[in-house]
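Chemist: sequence and predicted structure below; questions after.
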Amino acid sequence: MAQQAEKAPELQDPEIRAELDQRARDAGETVIKSGTGGKSLDAQERLAEGRKKGGLSRTAESGKERADEEAGAVLIEPDEKALKEVKKDLGRK
């Protein structure tokens, strides 16, 4: 059975998500680790998930097979710099 991606707690906050999405759409900023190339927050999350699941190994088994065997879910995390700036803009610590 395939793993489900788990999002960092900060990515559960609607205000933070909206700000990160705006940065990704308007400025083309990478706001999710491994999300380079995505034009929105959702796109960057999907790219990061795919890269983490599919890019684990170049052994005989596929990356997906190895990801399925790894313990725990894939964690999608925001870029620290972007998150810090968004929190500052929202008046949070």
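Modeler: The structure has been received and is ready for your questions.

Chemist: what's the weakest-modelled helix or strand in this structure?
Modeler: Every helix and strand of the chain was ranked by mean pLDDT, DSSP states H and E. The lowest is helix 63-69, at a mean of 59.

Chemist: that one: what's the following helix or strand?
Modeler: Sequence-wise, the next helix or strand downstream of helix 63-69 (DSSP states H and E) is strand 74-76.

Chemist: after that next one, heading C-terminal, what element do we hit next?
Modeler: Following strand 74-76 in sequence order, the next helix or strand is helix 80-89 (DSSP H and E).

Chemist: residues near L83, how many?
Modeler: Applying other CB atoms under 10 Å, we find 19 residues neighbouring L83. Where you see a C-beta, it was placed from the backbone N, CA and C, and this is true even at glycine.

Chemist: now R92
Modeler: For R92, using other CB under 10 Å, the count is 11.

Chemist: any idea how far it is from G54?
Modeler: According to CB to CB, to the nearest Å, R92 stands 34 Å off from G54.

Chemist: isn't R23 right up against D89?
Modeler: No: assessed by CB atoms under 8 Å, R23 is found out of contact with D89, at 9.6 Å.

Chemist: so between the two, which is more surrounded?
Modeler: Neighbour tally, R23 and D89, criterion other CB under 10 Å: the higher count belongs to R23, 19 against 12.

Chemist: ramachandran angles for the nearest residue to the more buried one once chain neighbours are set aside?
Modeler: Spatial nearest neighbour of R23, excluding adjacent residues (CB to CB, 6 or more residues apart in numbering): E29 at 4.5 Å. Per-residue torsions, E29: phi -80, psi 140 (degrees, to the nearest 10).

Chemist: so E29 touches L83, yeah?
Modeler: No: contact criterion CB under 8 Å: E29 and L83 do not qualify, at 11.5 Å.
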